[in-house]
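In: sequence first, predicted model second:
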Amino acid sequence: MDDLVKQIEARHSRAKAERSTADGVFQRIRDLCYPSGDPFMGRETPGTSTRHLVYDNTAEQAADQLAAALIGSLVNPALDWFGLRAQDAELNDRDDVKRYLSVVQGRIRMVTDSPDSRFLLEVHEYLLDFVHYGTGVMFIGDPAGRLPQFDSRPLSECTLLEGPDGQVDTVFREWQWTAAQAYAKWPEKCGPKVVAAAKDPNRQEDKFTFLHAVMPREAAPDATAPLVKRLPFASYHVNLTERLMIRESGYHENPFIASRFSKRTGEVYGRGPGHKALPDVGTLQELSKDIMDAVELGLFPPLVVDDDGVLGEIRQHSRGLNFARGDAMRRGDPIRRMEIAGVPQLGETYLQDMRERVTRAYYNHLLQIDQDPRMTATQVLELSERTMQALSSVYGRLQTEFLGPMIARIYGILTRKPGVLPPPPPILQGRPLKAEFISPAVRQQRLAEVRAISQSMDVLAPLIQTKPEVLDNLDHNAAFRYVFEHMGSPIGLLTSPDELKRIRQARQEEAQRQAGMGDLQETLKSVGAVAPALQAVVNGAANGQGGGRAAA
């Protein structure tokens, strides 16, 4: 085993030791709230029932609803949920920049909307971990000749480390493959024991443990090394069973993206609704079990049996016959039900209270606002705004730690695939781009600002009617563009300032030309009006001269 493998193993072991305190909580959440998830402690045989502690699935349903709501709010394929801008705001009004950004945005949307990338399928699994455990991990691969591939990895497989900026920059993923799977992935390089097992028909299903470690390169790479070993993020595939390096390479961007629901200072892993709901979910499971026992006790209560009064085994099934001694029958019923006192209404009330507390922990009370038919549109809008405000921190974290790095990773992959993206305009060469996400909270804020503009104009309307010159205080072009964009209309439909200036100049020249034509027509009309009188004078003068000569 070489020194590099030792270093990677040692760092991985330290990271696992630091997470060990959280594993117990994660396992508890998995057992009670998310039984379909992967275990954090120990290994389970595939197909083993994982629901033996679950008597009520309120937490599962609540998490599914929250994850679906986040998908619909943040990455809804029916909506434009992000836009691209140049970091330099002045460049965004240029036609060539707008065209390029529009094409890039369309290509990225093509990736996220395509079934081949598996984004919409994997993002749901990602968000379930994110909601239950407070931490989700996604891998974005770059297979040759295909679209970027999304692969949500269970948190139980992954160990995380943060960089100096507080963002996750190092991920260790540990998993098991059969010898056949490993050999298909890395023929002849996966380790002697794996190769031997893969080539033995009786041992192809033997399991081996592997590790994929991705981290920033700490030392300056050797300039003569292959490109994959000089990229910003180092990648190592290790056979942990045989403790040997399988493959060393690198990535332009970190392919692992990890985001946290909320996080305490000093902790790497997040805390999600599963943490908050866990005490109530535990109580709910115990109470559900107790109520089930009470129902069963009511249906099949204990029996009071006369001592030595019943012959043979007591039969409690339908139409069963029980034989009793005659003297026991004469003393009364030899077999009778034991009366059990209970308060089922109290248990059901408490059960409903626990369910409501669990759904509130998963924000379902915000996702299912009871709207009174008598509510006005303004009241409904206010309720919606409060919902978005309550979830704004969640949207913010997902945009910063998940969607932003995801867009950067997709853009990086597409730029390296020949012919997928057009070359950027020369003025954008070497300049960074940024993604702007249009979350429900942002939409609500934008609509509020547009309403404020409309209300201001309504208030000022009387003054505008009496003093139209006050409109000189308003930048009409800026107001139009602001309202157009903040109402959610595609900004690509707006003309650039240069084009707008050209259109207006052409309109002004046409107006001047039309005005000149009008002046000419008026002149011609005037000439036409006086022409008969002038002609008469001329004719009269001519006639007078002619008559005088005749008389003479």
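Out: Cool, got the structure.

In: can you confirm Cys190 is in a strand?
Out: No. Counting by DSSP: H, G, I helix; E, B strand; the rest coil, Cys190 is located in no strand; its state is coil.

In: run a quick neighbour tally on it.
Out: As a burial measure, Cys190 scores 27 neighbours (other CB atoms under 10 Å). In short, each C-beta sits where N, CA and C put it, glycine included.

In: can you verify my assumption that it contacts Tyr183?
Out: Yes. Proximity of Cys190 to Tyr183 meets the contact threshold set by CB atoms under 8 Å, at 5.9 Å.

In: residues shared between the contacts of these two?
Out: Ala198 (CB atoms under 8 Å, 6 or more residues apart in numbering).

In: in which helix or strand would I find Gly83?
Out: Gly83 belongs to strand 82-86 when elements are defined using DSSP states H and E.

In: now do the buried residues in that strand.
Out: By 16 or more other CB atoms under 10 Å, the buried positions in strand 82-86 come out as 82-84, 86.

In: buried residues in the one helix or strand Asp290 maps to?
Out: Element membership for Asp290, per DSSP H and E: helix 273-299. Residues 273-278, 280-285, 287-288, 291 are the ones in helix 273-299 that count as buried (16+ other CB under 10 Å).

In: closest one of those to Gln389?
Out: Pro273 (17.4 Å; CB to CB).

In: what about the closest residue to Ala63 other than its chain neighbours, which helix or strand?
Out: The spatially closest residue to Ala63, leaving aside those adjacent along the chain, is Val131, at 4.8 Å (CB to CB, 6 or more residues apart in numbering). Using DSSP H and E, Val131 sits in helix 119-133.

In: parallel or antiparallel, list what pairs with the helix or strand that that helix is followed by.
Out: Next in sequence after helix 119-133, counting helices and strands by DSSP H and E, comes strand 135-141. Sheet pairing of strand 135-141 (DSSP bridges) gives strand 149-153 (antiparallel), strand 256-260 (antiparallel).

In: got the angle for the first one vs helix 119-133?
Out: What that stands for is strand 149-153. Orientation check (axes from the mean of the first three to the mean of the last three CA atoms, to 10 degrees): strand 149-153 against helix 119-133 gives 20 degrees.

In: any idea how far strand 149-153 is from the chain center?
Out: 14 Å (CA atoms, centre = their mean, to the nearest Å).

In: do the same with stretch 39-57
Out: For stretch 39-57, the distance to the chain centre is 28 Å (CA atoms, centre = their mean).

In: what comes up buried for the helix or strand containing Ser102?
Out: Using DSSP H and E, Ser102 maps to helix 95-113. Within helix 95-113, the residues that count as buried by 16+ other CB under 10 Å are 97-98, 100-101, 104-105, 107-108, 111-112.

In: of those, which one scores lowest on pLDDT?
Out: The lowest pLDDT within the buried residues of helix 95-113 belongs to Lys98, with 88.

In: you'd agree it is up against Ala86?
Out: No. If you go by CB under 8 Å, Lys98 and Ala86 don't touch, sitting 9.8 Å apart.

In: shared neighbours, those two?
Out: Going by CB under 8 Å, 6+ apart, residues that sit against Lys98 and also against Ala86 are Asn92.

In: burial measure for Tyr350, as a count.
Out: 16.

In: tell me which element it is part of?
Out: Going by DSSP H and E, Tyr350 is in helix 344-361.

In: Gly166 now?
Out: Here Gly166 is assigned to no helix or strand, by DSSP H and E.

In: let me know the pLDDT of it.
Out: 90.

In: burial measure for it, as a count.
Out: When neighbours are counted by other CB under 10 Å, Gly166 comes out with 11.

In: quick one, phi psi at it?
Out: Backbone torsions of Gly166, given as degrees, to the nearest 10, read phi 80, psi 0.

In: ok, back up a step: would JSON lines of the buried residues of strand 82-86 with distance to Leu155 and pLDDT be doable?
Out: What follows is those, written out as JSON lines (distance: CB to CB, whole Å; pLDDT from 0 to 100):
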{"residue": "Phe82", "distance to Leu155": "26", "pLDDT": "90"}
{"residue": "Gly83", "distance to Leu155": "31", "pLDDT": "88"}
{"residue": "Leu84", "distance to Leu155": "31", "pLDDT": "91"}
{"residue": "Ala86", "distance to Leu155": "36", "pLDDT": "91"}
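
In: out of the residues you listed, what pair is the most spread apart?
Out: Phe82 and Ala86 (14.8 Å).

In: so which elements touch the strand holding Gly83?
Out: helix 95-113, strand 433-437 (3 or more CB pairs under 8 Å, 6 or more residues apart in numbering; DSSP states H and E).

In: turn the ones you listed into TSV, columns for distance to Asn76.
Out: TSV is the format used below for these (distance: least, CB to CB, whole Å):
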stretch	distance to Asn76
helix 95-113	10
strand 433-437	12
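
In: and these: which comes nearest Glu248?
Out: helix 95-113 (27.9 Å).

In: specify the angle between the closest one and strand 433-437 in degrees.
Out: 60 degrees.

In: re the thing from before, contact partners of the helix holding Ser102?
Out: 75, 77, 82-86, 91-92, 117, 119-120, 147-148, 407, 410-411, 414, 420-422, 424-425, 427-428, 433, 491-492, 496, 498-499.

In: what subset of these is buried?
Out: Buried, going by 16+ other CB under 10 Å: 75, 82-84, 86, 91-92, 117, 119-120, 147-148, 407, 410-411, 414, 421, 424-425, 428, 433, out of those.

In: any regions of the stretch 201-350 of the chain where pLDDT drops low?
Out: 220-221, 299-301, 304, 306-311, 316-323, 326-331, 335-347 (pLDDT under 70).

In: the strands in the protein, which residues?
Out: 82-86, 135-141, 149-153, 158-162, 168-178, 207-216, 233-239, 244-251, 256-260, 303-305, 310-311, 323-324, 335-337, 433-437 (DSSP state E).

In: can you list these in CSV and add distance to Gln399?
Out: As requested, these are arranged in CSV below (distance: least, CB to CB, whole Å):
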stretch, distance to Gln399
strand 82-86, 9
strand 135-141, 14
strand 149-153, 17
strand 158-162, 19
strand 168-178, 15
strand 207-216, 22
strand 233-239, 22
strand 244-251, 22
strand 256-260, 9
strand 303-305, 64
strand 310-311, 72
strand 323-324, 76
strand 335-337, 62
strand 433-437, 5
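
In: which of the ones you listed sits most buried?
Out: Most buried of those, by mean neighbour count (mean count of other CB atoms under 10 Å): strand 256-260, with a mean of 26.

In: what's the angle between that one and strand 233-239?
Out: Using the same axes, to 10 degrees: strand 256-260 against strand 233-239 is 100 degrees.

In: quick one: residues in contact with strand 256-260.
Out: Contacts of strand 256-260 (CB under 8 Å, 6+ apart): 130, 134-140, 153, 158, 160, 168, 171, 173, 214, 269-271, 397-398, 400-402, 405-406, 409.

In: kindly report the same for stretch 120-127.
Out: 66-68, 70-71, 75, 77, 112-113, 115, 136-138, 150-152, 402.

In: how about 7 Å then?
Out: Contact partners of stretch 120-127, identified using CB atoms under 7 Å, 6 or more residues apart in numbering, comprise 67, 70-71, 75, 77, 136, 138, 150-152.

In: my guess is Asp23 meets Met41, correct?
Out: Yes. Asp23 is within contact range of Met41, at 5.8 Å (criterion: CB atoms under 7 Å).
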